[in-house]
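Novice: sequence first, then the predicted structure, then my questions.
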Amino acid sequence: MKTTLKKLREIYFDDWGRLIDHLGTKKLDTEVSILQILDICGIKNAISTLITQDYKDYCLFNADLAESVLHLFENEYPYDKRPRKAIEGIRLYHAGKITEYELIELKNNACVAAHGAGAYTIVYYAANAAGNAANAAGYCDSAARSVFCAHTFPYHNSDEKIWGDVEVLLRKHLNPSLLDDDLFRI
């Protein structure tokens, strides 16, 4: 996946100076890959730049990201399949088997499940990750933030470990030869 400096400028890319210094150019038509951004500017910046891509290009990353915390919701609400259906919907949308309208409906259902789980609890964030991941009109970093919040909830992992795990997952999606059959769980 590639973007241009012009598109990054339009989204108010946070680490503009470091990227320009590294690339050695300010020409707005210069192409830069998401993997380069990841290597130069880090995981948070790389995720925020996914919005410059077509949703279908990164929706499977969103699905895997949300699925990595789905167990947190399903442990508390084993019969509520709305977040799982939203994640499955992302994959169906990518395959062209459902429409964007159908995906939006699944997203809305996952968000209702999140709010029903109790505001700002670990299970809320897990279900919200599914809703955010299924938002074709939204920002990828919303799904990542929900995953991050689910894992940093009072008794969970450190910031550094979580973002490191998210980075591993993004690298796998940017280089499909690294993807394996195992379910990736952060």
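Specialist: That came through, no problem.
Novice: can you list contacts of the helix or strand hosting K44?
Specialist: Assigned by DSSP states H and E, K44 falls within helix 43-49. The contact list for helix 43-49 (C-beta atoms under 8 Å, 6 or more residues apart in numbering) reads 3, 8, 11, 13-15, 34-35, 37-38, 139-141, 144, 163-164, 166-167, 170. Using the backbone N, CA and C atoms, a C-beta is placed for each residue, glycine as well.
Novice: could you redo the last one with a cut-off of 6 Å?
Specialist: 14-15, 34, 37-38, 140-141, 144, 163, 166-167 (C-beta atoms under 6 Å, 6 or more residues apart in numbering).
Novice: just the buried ones among those, please.
Specialist: 15, 34, 37-38, 140-141, 144, 163, 166-167 (16 or more other C-beta atoms under 10 Å).
Novice: need these in JSON lines (columns: pLDDT and distance to K44).
Specialist: Shown next, in JSON lines, are those (pLDDT from 0 to 100; distance: C-beta to C-beta, whole Å):
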{"residue": "D15", "pLDDT": "86", "distance to K44": "9"}
{"residue": "I34", "pLDDT": "94", "distance to K44": "13"}
{"residue": "I37", "pLDDT": "95", "distance to K44": "10"}
{"residue": "L38", "pLDDT": "94", "distance to K44": "10"}
{"residue": "C140", "pLDDT": "63", "distance to K44": "11"}
{"residue": "D141", "pLDDT": "66", "distance to K44": "7"}
{"residue": "A144", "pLDDT": "74", "distance to K44": "8"}
{"residue": "W163", "pLDDT": "81", "distance to K44": "7"}
{"residue": "V166", "pLDDT": "85", "distance to K44": "9"}
{"residue": "E167", "pLDDT": "90", "distance to K44": "10"}
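Novice: which helix or strand contains D57?
Specialist: Assigned by DSSP H and E, D57 falls in helix 55-76.
Novice: which secondary structure elements does that helix contact?
Specialist: Applying 3 or more C-beta pairs under 6 Å, 6 or more residues apart in numbering; DSSP states H and E, we find helix 55-76 packed against helix 82-94, helix 122-133, helix 140-152.
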